[in-house]
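Student: My questions concern the predicted model and sequence given below.
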Protein chains: 2
Amino acid sequence: MALPLNDVALAPPETPAVRSRSDARQEQLIEIAIRLFARKGYEGTSLRDIADEARITKAALYYHFPNKEALYERIVLESMQALVDTVGRAMAAGLSPAEKVRIFMLASADFLDRSRDSWIASSNAFWSGSDIDPRSAAVHLRDEYEHLLRDCITDAIKQGQFRPIDAAMAGRMLLSMLNHLPRWHSPGGRLSTRQVIDQYIDMAFNGLRAVGATAPAVPAKTKK
Amino acid sequence: MALPLNDVALAPPETPAVRSRSDARQEQLIEIAIRLFARKGYEGTSLRDIADEARITKAALYYHFPNKEALYERIVLESMQALVDTVGRAMAAGLSPAEKVRIFMLASADFLDRSRDSWIASSNAFWSGSDIDPRSAAVHLRDEYEHLLRDCITDAIKQGQFRPIDAAMAGRMLLSMLNHLPRWHSPGGRLSTRQVIDQYIDMAFNGLRAVGATAPAVPAKTKK
């Protein structure tokens, strides 16, 4: 909105209010988009769906976001940045690499609890099977998140807390548990997300095998 | 195609050919649908997309499948049934419950390798975050698949091969690794699916922790 020059002196008190109304509307649109992307997927959600739910015209939606890609990208970037920041800060309290791995899992689970829809919406961006091509900024943040975990696993191996396993593979195993969680766990279920993660950490750190039990042999016919 | 009555005697040799052409066309449509559902999701795939790719009219597609739900349901049921049958048969070769758990993982990974798209398309049917409401027959098969694993974990605990962990939670931990695999692993990658699963099984059975390493303390501030 261009202001006539002679009104410029009066503009400052008004501008923040105008911007804040626009920001609030944009936040509302983003919230609706996150919910729809999480429930119906990126492909299954149209700008019309979002405009309909916000009770505005598609033209009014275009004023805020030029296209669906831009809206989705903003959601993925904001969500990934918040995840990296939150988890990274929490890990600083860890006194050993293995403890930091544990905090990574718990802080991620807390983030998932608080921001379930944006977690689901943005995790779909990285699915290799999908048509979505996440921008390099999103991939960079995802890598940064995964490296928070992998670097601690590497340190835990160096310091003798973990066995000499493949750190990248151990990281993927732990990330699988987190990423699969919203597929089966309901926030109002018998166990809290934290209780589930506590059990997962115990099983992953200490193994399923009973002390003294021997490794199961692989029958010849199942070998490649 | 109704045959005139005086041609009925000639009909039998023709009917199988007619039926087989129709079956072959239906198989082709199902293959296309599986590929599209896996790449674009259920919500993101329309009957028009499938008809377009098969180069037939939407009306011709309706001849085979009354609606998208029926087509998707058939895909999910056939894929889940094949998975339960294949994995169940492979497990019969296991000489102990822990060995059967290992075979469950490897046979599932082989199935995923062979039927990647139908695995992805049908696993989406059970995502609690989605709008899709899988029919009870599909849920029943999913439960049957998960129980193949959980029952062996329970037996392995009873026989002292596994620690007294929560069998349902241990099953979910192992299923997370399988279900998350198509999200990061490419079939042509450095490691085969089997090699990844072998590493996962070693880490899950034996734990990440080095022998003699103490459990990491949880800092007070990350506790609930």
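Tutor: Looks like it came in fine.
Student: What is the helix or strand that contains residue A:81 packed up against?
Tutor: For residue A:81, the host element (DSSP states H and E) is helix A:68-91. Counting contacts by 3 or more C-beta pairs under 8 Å, 6 or more residues apart in numbering or on different chains; DSSP states H and E, helix A:68-91 packs against helix A:11-40, helix A:47-54, helix A:97-114, helix A:116-123, helix A:136-158. (Glycine included, C-beta is placed from N, CA and C.)
Student: and the angle from the second one to helix A:68-91?
Tutor: Think helix A:47-54. When axes from the mean of the first three to the mean of the last three C-alpha atoms, to 10 degrees is applied, the directions of helix A:47-54 and helix A:68-91 differ by 70 degrees.
Student: contact partners of the helix or strand just after helix A:47-54?
Tutor: For helix A:47-54, the following helix or strand on the C-terminal side (DSSP H and E) is helix A:58-64. Contacts with helix A:58-64, where a contact means C-beta atoms under 8 Å, 6 or more residues apart in numbering or on different chains, come from A:22, A:25, A:26, A:29, A:47, A:48, A:50, A:51, A:54.
Student: repeat for stretch A:185-196
Tutor: A:106, A:109, A:110, A:112, A:113, A:116, A:181, A:199, B:128, B:169, B:224.
Student: Now for those residues: which two are most distant?
Tutor: B:128 and B:224 (23.5 Å; C-beta to C-beta).
Student: Look up how far chain B lies from residue A:108.
Tutor: Distance of residue A:108 to chain B, computed by C-beta to the nearest C-beta, to the nearest Å: 12 Å.
Student: What is the neighbour count of that residue?
Tutor: Neighbour count of residue A:108, defined by other C-beta atoms under 10 Å in any protein chain shown: 26.
Student: likewise residue A:167?
Tutor: Counted with other C-beta under 10 Å, residues neighbouring residue A:167 total 20.
Student: I figured it hits residue A:157, correct?
Tutor: Yes - if you go by C-beta atoms under 8 Å, residue A:167 and residue A:157 touch, sitting 6.3 Å apart.
Student: Can you convert the helices and strands packed on helix A:68-91 into a markdown table and add a column each for distance to residue B:97 and mean pLDDT?
Tutor: Shown next, in a markdown table, are these (distance: least, C-beta to C-beta, whole Å; pLDDT from 0 to 100):
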| stretch | distance to residue B:97 | mean pLDDT |
| --- | --- | --- |
| helix A:11-40 | 38 | 76 |
| helix A:47-54 | 48 | 93 |
| helix A:97-114 | 28 | 96 |
| helix A:116-123 | 33 | 87 |
| helix A:136-158 | 29 | 93 |
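Student: So which of these is nearest residue B:36?
Tutor: Nearest to residue B:36 among the helices and strands packed on helix A:68-91 is helix A:11-40 (15.9 Å), distances taken as C-beta to C-beta.
Student: follow-up on the earlier one: for the helix holding residue A:81, give me every contacting residue.
Tutor: A:29-30, A:33-34, A:37, A:42, A:45-47, A:50, A:65, A:100, A:103-104, A:106-108, A:110-111, A:115, A:118-119, A:121-122, A:125, A:132, A:134-135, A:137-138, A:141-142, A:144-145, A:148, A:152, B:222.
Student: So which residue is dead centre in chain A?
Tutor: In chain A, the centroid-proximal residue (C-alpha atoms, centre = their mean) is residue A:119; its distance is 3.9 Å.
Student: Against chain B, how distant is the residue lying closest to that residue once chain neighbours are set aside?
Tutor: In space, and not counting its chain neighbours, residue A:119 is closest to residue A:112: 5.0 Å by C-beta to C-beta, 6 or more residues apart in numbering or on different chains. Per C-beta to the nearest C-beta, residue A:112 is found 12 Å from chain B.
Student: just residue A:170 next, same as before
Tutor: According to C-beta to the nearest C-beta, residue A:170 and chain B sit 6 Å apart.
Student: same thing with residue A:110?
Tutor: Counting by C-beta to the nearest C-beta, the gap from residue A:110 to chain B is 9 Å.
Student: Just send the contacts of helix A:58-64 back as JSON lines, with distance to residue B:86 too.
Tutor: Output for the contacts of helix A:58-64, formatted as JSON lines (distance: C-beta to C-beta, whole Å):
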{"residue": "A:22", "distance to residue B:86": "56"}
{"residue": "A:25", "distance to residue B:86": "52"}
{"residue": "A:26", "distance to residue B:86": "50"}
{"residue": "A:29", "distance to residue B:86": "46"}
{"residue": "A:47", "distance to residue B:86": "42"}
{"residue": "A:48", "distance to residue B:86": "42"}
{"residue": "A:50", "distance to residue B:86": "42"}
{"residue": "A:51", "distance to residue B:86": "46"}
{"residue": "A:54", "distance to residue B:86": "47"}
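Student: tell me which residues of stretch A:92-99 are tucked away?
Tutor: Buried residues in stretch A:92-99, counted by 16 or more other C-beta atoms under 10 Å in any protein chain shown: A:94, A:96, A:97, A:98, A:99.
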